[in-house]
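Colleague: Here is the input, now give the coordinates:
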Amino acid sequence: MTSGLIAPCKNLQHHCHHKSKVSMLHHLYTEITKPKRAVILGGNGFIGGAISHRLAVEGIPVLGLGSKELNLMNPDAFLKLADLLNNDDVLIFVSAKAPCKDLAMLLENTQIAKSVCEALKISPVAQVIYVSSDAVYGDSSSPMTEDSAVCPGSIHGVMHLTREVALSQAYAGPLAIVRPTLVYGLDDPHNSYGPNLFRRLAAEGKEIVLFGDGEELRDHVDVEDIAELVLQIVLRKSKGFINAVSGDLVSFRELAELIAASFETNVSVRSSVRSIPMPHNGYRAFNNSAVAKSFPNLKFKSYKEGLMRVNQSFKERVKK
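Modeller: Residues are numbered from 1 along each chain as shown. Got it, this is the predicted structure:
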């Protein structure tokens with residue numbers, strides 16, 4: 001018997017062919033209530049930084065911890081974290097070495113999770129929020145939801161699912177797991193294929209080269225919307241699972257052409273010959289009705305709205 005949020009399975013095949021027994025978000029507070037403090041692991045990073053800023057704007061005291069303040073890879077890190085935690089804190093766990101590409105990185109990320117889990121056993125908090133990834137899901141020919149089969153097809157997805165299960169077993173309090181899809185935003189440190197790379201290339205007047213014809217259809221979410229979702233989960237002390245997705249499907253070609261057109265650099269967008277198979281069979285869509293049901297006043301931006309916001313912020317920053 002397990003007390004975890006993920007249903008146990010005897011083997012991977014069993015797990016891949018059965019839906020995880022998840023629970024949509026359940027709000028423990030009927031009225032909006034601010035916690036005394038939020039502790040954010042990875043609070044200086046891209047997503048963690050956006051969450052830190054949004055909570056601070058709302059007047060919630062934030063303790064942001066990056067690797068410089070607390071290296072969760074160290075063997076004694078759990079003791080230091082436990083000493084920092086109060087029983088009325090909200091712990092928001094974002095810290096990860098990502099994307100997780102190989103077994104060495106998987107072990108590093110597991111060690112980070114081990115430190116967090118051991119600290120929570122010593123110093124339980126009022127709520128834990130884990131920022132995971134949509135990579136825990138398998139592929140589907142129809143839009144996925146929180147009830148879709150949990151069957152990661154990558155080491156990155158395995159890493160996040162491992163940490164989800166570990167947290168659910170180590171922490172008996174209200175645990176909320178947020179699973180974002182592809183994230184874009186002004187301060188993204190990665191230069192991976194997609195909106196963030198396209199914007200940098202367009203700003204420099206460089207050609208945008210697509211994988212194949214850029215025909216893959218994907219969902220992209222503004223990092224500010226993830227931060228707003230986490231804030232609402234904090235204010236309602238929610239527990240369960242939620243996908244941070246826009247429900248808006250777009251091809252990489254459309255994204256590249258939209259971004260290129262927003263800069264006055266006459267940037268061209270061209271196709272290339274694929275060297276590897278098309279990821280996810282070219283289709284990975286999500287139904288975001290769970291967000292609307294849980295938080296009726298929270299509206300995720302369309303990719304056009306979000307990218308125009310980011311591009312404008314980028315241009316304003318360059319002018320300074």
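
Colleague: you'd agree Asp219 is in a strand?
Modeller: Yes. Using DSSP: H, G, I helix; E, B strand; the rest coil, the secondary structure at Asp219 is a strand.

Colleague: Can you get me a residue count around it?
Modeller: 25 (other CB atoms under 10 Å). All C-beta atoms are positioned from the backbone trio N, CA, C, and that covers glycine.

Colleague: Contact partners for the closest residue to it other than its chain neighbours?
Modeller: Once flanking residues are discounted, Asp219 sits nearest to Thr181: 4.6 Å by CB to CB, 6 or more residues apart in numbering. Listed by CB atoms under 8 Å, 6 or more residues apart in numbering, the contact set of Thr181 reads 134, 218-221, 243-246, 284, 286.

Colleague: Of the residues you listed, just say which sits nearest to Val318.
Modeller: Using CB to CB, His220 comes nearest to Val318 of these, at 22.3 Å.

Colleague: And the pLDDT at the closest residue to that closest one other than its chain neighbours?
Modeller: Distances taken as CB to CB, 6+ apart place Leu182 nearest to His220, at 4.8 Å, with adjacent residues excluded. Per-residue pLDDT puts Leu182 at 94.

Colleague: From Val310, how far out is Leu182?
Modeller: Distance of Leu182 to Val310, computed by CB to CB, to the nearest Å: 13 Å.

Colleague: quick one: which of those two has more around it?
Modeller: Taking neighbours as other CB under 10 Å, Leu182 and Val310 compare with Val310 leading, 24 against 18.

Colleague: ok, the closest residue to that one other than its chain neighbours - contacts?
Modeller: Nearest non-adjacent residue to Val310, counting by CB to CB, 6+ apart: Leu186, 5.4 Å away. Neighbouring residues of Leu186 by CB under 8 Å, 6+ apart: 310, 313-314, 317.

Colleague: can I get those in JSON lines with distance to Val209, secondary structure and pLDDT?
Modeller: JSON lines is the format used below for the contacts of Leu186 (distance: CB to CB, whole Å; DSSP: H, G, I helix; E, B strand; the rest coil; pLDDT from 0 to 100):
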{"residue": "Val310", "distance to Val209": "21", "secondary structure": "helix", "pLDDT": "87"}
{"residue": "Ser313", "distance to Val209": "25", "secondary structure": "helix", "pLDDT": "84"}
{"residue": "Phe314", "distance to Val209": "20", "secondary structure": "helix", "pLDDT": "80"}
{"residue": "Arg317", "distance to Val209": "25", "secondary structure": "helix", "pLDDT": "79"}
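
Colleague: Enumerate the beta-bridge partners assigned to the residue most central in space within the chain.
Modeller: Note on the chain: the residue nearest the mean C-alpha position is Pro180, at 3.7 Å, using CA atoms, centre = their mean. Beta-bridge partners for Pro180, by DSSP bridges, are Ala244.

Colleague: can you give me the helices for the stretch 1-150 of the chain?
Modeller: 12-16, 46-57, 77-84, 103-122 (DSSP state H, counting those that start in this stretch).

Colleague: same question for the last one, mean pLDDT?
Modeller: Meaning helix 103-122. The average pLDDT for helix 103-122 rounds to 97.

Colleague: what's the angle from that helix to helix 77-84?
Modeller: On the basis of axes from the mean of the first three to the mean of the last three CA atoms, to 10 degrees, helix 103-122 is oriented at 40 degrees to helix 77-84.

Colleague: tally of neighbours for Gly43?
Modeller: 23.

Colleague: Show the contacting residues for it.
Modeller: Applying CB under 8 Å, 6+ apart, the residues near Gly43 are 49, 51-52, 62-66, 92, 94.
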